[in-house]
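Student: The following block contains a protein sequence and its predicted model.
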Amino acid sequence: MAVIGAVLILSNVASDYLWEDEGDTAALAVNILKFGVPKAWDGAAFLDSDHGARLNRDLVMVTHPWVQYYLTAASFLVFGQNTFAARFPFALAGWMSILLTYLFLWRELRSRVVAFSAAALLVFSVQFLLYARQCRYCALNMLLVVWLFSAFFKMTSLRACLSFIAAAVLLFHSHPYGLAPVVALAGLTLIYRPFVAQRRWILFAAPTIAILTLPWLALSSLSSSGSALNTTAAQSIGEFVERCAQAFVEYTSVTPLIGSVLLLIAAFFVYRKRKSAPSEVQLDPAAPGAGNSAKFLDTPEMSILLGVLVTTVIYVLETAVTQSSDSLWLAGMRYASALLPLAAMGVAIAIAKVSRGNAAISVSLLLVLAFTKLAQLTPWVAWNPSGLIRCGKYSIGAHVPVKVIDRFLGSGLLKYAGDLWRENPGTVAKSCEFLRRNAKPGDVVIVNYGMEPTYFYTRLPQAMGILQQYPVYKRARELGLPEFVFGVDHVRWIVWRSAWETGPGYAVNDVMRDIVERGGKITSVMEMEETVWENREDIHFHRFSDGSYLFPRTQTFPASRVARIDWP
């Protein structure tokens with residue numbers, strides 16, 4: 001299974017261009033190699049997708065913690081500044097999370113059925129594989145949360161406690177929501193008797209973790225407005241419930257949570273039936289699987305399930321507090337990617353309880369859960385192709401595939417595997433290839449979306465990066481950034497993405513008018529299909545190499561364009 005996972009995660013990991021969020025990681029990592037910190041300005045391009053809201057007065061990005069950027073910079077130092085180096089450390093982390101999940105469950109439960117089932121569910125989860133192949137924090141979350149659980153369950157020594165602290169701190173500095181599993185496990189030590197042994201070590205670990213994490217939140221809030229820009233508070237109880245429901249939809253759409261609950265209920269009734277049966281017809285205690293009949297869930301199984309359950313609840317609450325339902329629908333499980341290996345653990349335990357040591361039943365259940373969607377939310381909302389569910393003025397959006405068969409079978413895995421050996425060029429790839437063929441070094445370009453990957457692949461200076469209404473405008477002027485950063489001064493190329501017509505705060509007509517007024521002549525030189533996102537990591541929006549989507553596209557756009565500017 002580890003070999004299959006390696007093939008699915010690492011094969012041609014550099015075949016597709018970085019999409020916008022990956023480009024952010026890569027571009028800031030390049031600047032780390034230049035300046036030691038992730039600066040948004042390197043002398044040629046200003047790169048901040050939030051219009052400077054993430055930056056401090058030195059134009060250093062301080063809103064998002066830095067682990068993913070420094071890890072990418074280290075990979076660039078070893079392998080060079082290319083797509084493979086950008087994705088490789090994260091792909092390796094994703095693959096290692098499969099191994100660590102197996103080892104953790106085997107050590108705690110001594111059940112190869114549970115350990116193997118969890119590893120297999122990860123390997124055959126398309127959402128897990130897409131996260132693992134991203135130059136982004138998702139794979140780190142998945143690896144670090146398993147490390148955190150592994151350290152916690154053996155936290156009866158200083159060494160194990162230090163390991164728990166390291167995992168917790170790194171998890172936070174990969175993504176701030178990573179404190180959810182830390183809070184969940186720490187809280188359980190106060191109310192769950194089998195975790196009493198960990199309680200005294202948590203009392204030591206908690207202040208250390210707080211000292212190494214919470215100051216970052218203060219620094220981010222005081223030095224930039226990025227956190228406030230990217231989070232929104234619910235305005236009513238109803239809206240908060242709506243957000244929780246949407247988070248539940250996202251979770252159950254990519255994990256077999258519903259199936260695991262049904263399996264555990266079925267296993268419990270079987271257990272009750274056997275327990276209430278007359279003694280003369282009960283299984284021989286020495287028979288295979290009979291030893292498990294004494295107790296429905298032994299202590300290690302219950303401990304893991306409780307850890308998974310409470311962590312899931314806190315992640316749902318955390319995302320519901322900070323993200324709107326629309327944002328959650330677009331982001332999917334990105335912020336809570338750590339839940340994927342935890343969900344696999346819970347489902348694997350359910351498989352073992354139902355099968356009771358019967359290999360045929362274990363394999364059958366595993367195949368059903370891995371290669372169909374019967375255990376996910378999708379088939380249960382298949383009657384509603386739009387996915388929209390209303391309750392008064394509130395609504396949530398389920399994800400319903402276009403084809404009926406895809407609502408029940410996991411056909412996405414076949415499409416994913418087929419794409420491992422195919423190119424999947426989108427708008428970013430086509431525009432960057434055009435610029436590399438036609439632009440000269442030093443040519444200034446305007447890009448209204450996808451600035452980071454465009455700069456990573458072309459290294460061309462970018463104009464109109466900072467407008468007067470941006471929060472960083474005054475400081476950028478004080479620092480003496482060149483004039484082209486603020487306008488169209490001697491721009492040579494325009495890459496205009498039709499899906500983001502006014503995204504940066506200006507429209508194409510505004511740009512063209514300014515250029516013409518300054519004496520520039522605009523010539524359209526290329527049109528290309530607008531693919532919206534390049535290699536998007538969420539399965540609900542992922543574009544496959546044949547141009548198809550498993551789930552309906554919300555909107556199609558006219559062709560995007562590249563134009564050349566000639567100056568007198």
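Tutor: Everything's here; your move. Quantities reported herein were computed from a predicted structural model and do not represent experimental measurements.
Student: Look up how far Glu250 lies from the residue nearest to Asn82 when sequence neighbours are not counted.
Tutor: Of all residues not flanking Asn82 in the chain, Ala14 sits nearest, at 6.8 Å (C-beta to C-beta, 6 or more residues apart in numbering). The way it works is simple: take the backbone N, C-alpha and C, and place the C-beta from them, glycine included. As for Ala14, its distance to Glu250 is 29 Å (criterion: C-beta to C-beta, to the nearest Å).
Student: swap in Ser236?
Tutor: For Ser236, the distance to Glu250 - C-beta to C-beta - is 21 Å.
Student: Compare the two and say which is more crowded by neighbours.
Tutor: Counting neighbours by other C-beta atoms under 10 Å for Ser236 and for Glu250 shows that Glu250 has the greater number, 30 against 10.
Student: so which helix or strand takes in that one?
Tutor: Assessed by DSSP states H and E, Glu250 sits inside helix 237-254.
Student: name the helices or strands packed onto that helix?
Tutor: Other helices and strands packing on helix 237-254, by 3 or more C-beta pairs under 8 Å, 6 or more residues apart in numbering; DSSP states H and E, are helix 299-322, helix 325-331, helix 339-355, strand 394-397.
Student: which residues are in contact with stretch 158-174?
Tutor: Residues external to stretch 158-174 that are found in contact with it (C-beta atoms under 8 Å, 6 or more residues apart in numbering): 65-68, 137, 140-141, 144-145, 147-148, 151-152, 154-155, 178-179, 181-182, 201, 204-205, 208-209, 212-213, 216, 338.
Student: from the chain's centre, how far out does it sit?
Tutor: Distance of stretch 158-174 from its chain centroid, counting by C-alpha atoms, centre = their mean, to the nearest Å, is 21 Å.
Student: Just the C-alpha atoms of that stretch, please, in CSV.
Tutor: Taking C-alpha atoms only, stretch 158-174 is exported to CSV below (Å, rounded to 0.1, in the frame of the first residue of the first chain):
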residue,chain,number,x,y,z
LEU,A,158,9.5,14.1,29.0
ARG,A,159,10.7,12.9,25.6
ALA,A,160,7.2,12.1,24.5
CYS,A,161,6.0,15.4,25.9
LEU,A,162,8.6,17.3,23.9
SER,A,163,7.6,15.4,20.8
PHE,A,164,4.0,16.5,21.4
ILE,A,165,5.0,20.1,21.9
ALA,A,166,7.0,20.1,18.6
ALA,A,167,4.1,18.6,16.7
ALA,A,168,1.7,21.1,18.1
VAL,A,169,3.9,24.1,17.5
LEU,A,170,4.7,23.0,13.9
LEU,A,171,1.0,22.3,13.3
PHE,A,172,0.0,25.8,14.3
HIS,A,173,2.8,27.4,12.2
SER,A,174,1.6,25.4,9.2
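Student: Which one of the helices and strands packed on helix 237-254 lies nearest to Trp95?
Tutor: helix 339-355 (12.1 Å; C-beta to C-beta).
Student: Remind me what the closest one packs against, helices and strands.
Tutor: Packing contacts for helix 339-355, counted by 3+ C-beta pairs under 8 Å, 6+ apart, involve helix 83-109, helix 112-123, helix 126-132, helix 138-153, helix 237-254, helix 257-276, helix 299-322, helix 359-371.
Student: and Ile565, which of these is closest to it?
Tutor: Closest among those, using C-beta to C-beta: helix 83-109, at 29.0 Å.
Student: what's that closest one packed up against?
Tutor: Partner elements for helix 83-109 (3+ C-beta pairs under 8 Å, 6+ apart): helix 2-10, helix 20-35, helix 67-79, helix 112-123, helix 126-132, helix 138-153, helix 299-322, helix 339-355.
Student: of those helices, which approaches Phe90 most closely?
Tutor: Closest of the helices and strands packed on helix 83-109 to Phe90 is helix 138-153, at 4.2 Å (criterion: C-beta to C-beta).
Student: Show me what secondary structure element comes after that closest one.
Tutor: Counting by DSSP H and E, what follows helix 138-153 is helix 158-174.
Student: Return the set of buried residues in that next one.
Tutor: Within helix 158-174, the residues scored as buried using 16 or more other C-beta atoms under 10 Å are 160-174.
Student: same thing with stretch 5-13?
Tutor: Along stretch 5-13, these residues count as buried under the neighbour rule (16+ other C-beta under 10 Å): Gly5, Ala6, Leu8, Ile9, Leu10, Val13.
Student: could I get the residues you listed as TSV with distance to His542 and pLDDT?
Tutor: Formatted as TSV, the buried residues of stretch 5-13 follow (distance: C-beta to C-beta, whole Å; pLDDT from 0 to 100):
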residue	distance to His542	pLDDT
Gly5	19	97
Ala6	21	97
Leu8	15	97
Ile9	15	97
Leu10	19	96
Val13	16	94
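Student: of those residues, closest to Gly307?
Tutor: Gly5 (23.5 Å).
Student: pLDDT value on Leu229, please?
Tutor: Confidence at Leu229, expressed as pLDDT, is 80.
Student: For it, which non-adjacent residue is spatially closest?
Tutor: Ala53 (4.6 Å).
Student: For that neighbour, pull up the helix or strand it's in.
Tutor: Per DSSP H and E: Ala53 is located in neither a helix nor a strand.
Student: Can you flag the buried ones in the contacts of stretch 158-174?
Tutor: For the contacts of stretch 158-174, a burial check counting by 16+ other C-beta under 10 Å picks out 65-68, 137, 140-141, 144-145, 147-148, 151-152, 154-155, 178-179, 181-182, 201, 205, 209, 212-213, 216, 338.
Student: Test my guess that Lys253 contacts Ala375.
Tutor: Slight slip there: residue 253 is Ser, not Lys. No - with contact defined as C-beta atoms under 8 Å, Ser253 does not count as touching Ala375 (11.3 Å).
Student: Show me the helices in the stretch 451-568 of the chain, by range?
Tutor: For the stretch 451-568 of the chain, the helices defined by DSSP state H, counting those that start in this stretch occupy 451-458, 473-478, 508-517.
Student: Which strands or helices does the first one pack on?
Tutor: For helix 451-458, the packing partners by 3+ C-beta pairs under 8 Å, 6+ apart come out as helix 20-35, helix 427-438, strand 445-447.
Student: For it, report the contacting residues that lie outside it.
Tutor: 17-20, 22-24, 26-27, 30, 44-45, 47, 49, 81, 428, 431-432, 435-436, 439, 445, 447, 460, 462, 465, 495, 534.
Student: separation between Ser75 and Leu229?
Tutor: 29 Å.
Student: More neighbours: those two, which one.
Tutor: Ser75 (23 against 14).
Student: which residues does the more buried one contact?
Tutor: Residues in contact with Ser75, defined by C-beta under 8 Å, 6+ apart, are Ala29, Ala85, Ala86, Phe88, Pro89.
Student: Now with 7 Å, please.
Tutor: By C-beta atoms under 7 Å, 6 or more residues apart in numbering, Ser75 lies in contact with Ala85, Ala86, Phe88, Pro89.
Student: Looking at those, state which has the most neighbours.
Tutor: Tallying neighbours with other C-beta under 10 Å puts Ala86 at the head of these, with 28 neighbours.
Student: Skipping its backbone neighbours, what lies nearest that residue in space?
Tutor: Going by C-beta to C-beta, 6+ apart, Ala86 has Cys135 as its nearest residue, at 4.1 Å.
Student: Count the neighbours of the one you found for me.
Tutor: For Cys135, using other C-beta under 10 Å, the count is 32.
Student: Likewise for Gly36?
Tutor: Neighbours of Gly36 (other C-beta under 10 Å): 11.
Student: do you know how far it is from Met526?
Tutor: The gap separating Gly36 from Met526 is 38 Å, by C-beta to C-beta.
Student: who's in contact with the lowest-mean-pLDDT helix or strand in the chain?
Tutor: Using mean pLDDT, DSSP states H and E, the weakest-scoring helix or strand in the chain turns out to be helix 226-229, at a mean of 80. Residues outside helix 226-229 that contact it (C-beta under 7 Å, 6+ apart) are Asp50, Ala53, Arg54, Thr63, Ser220, Ser221.
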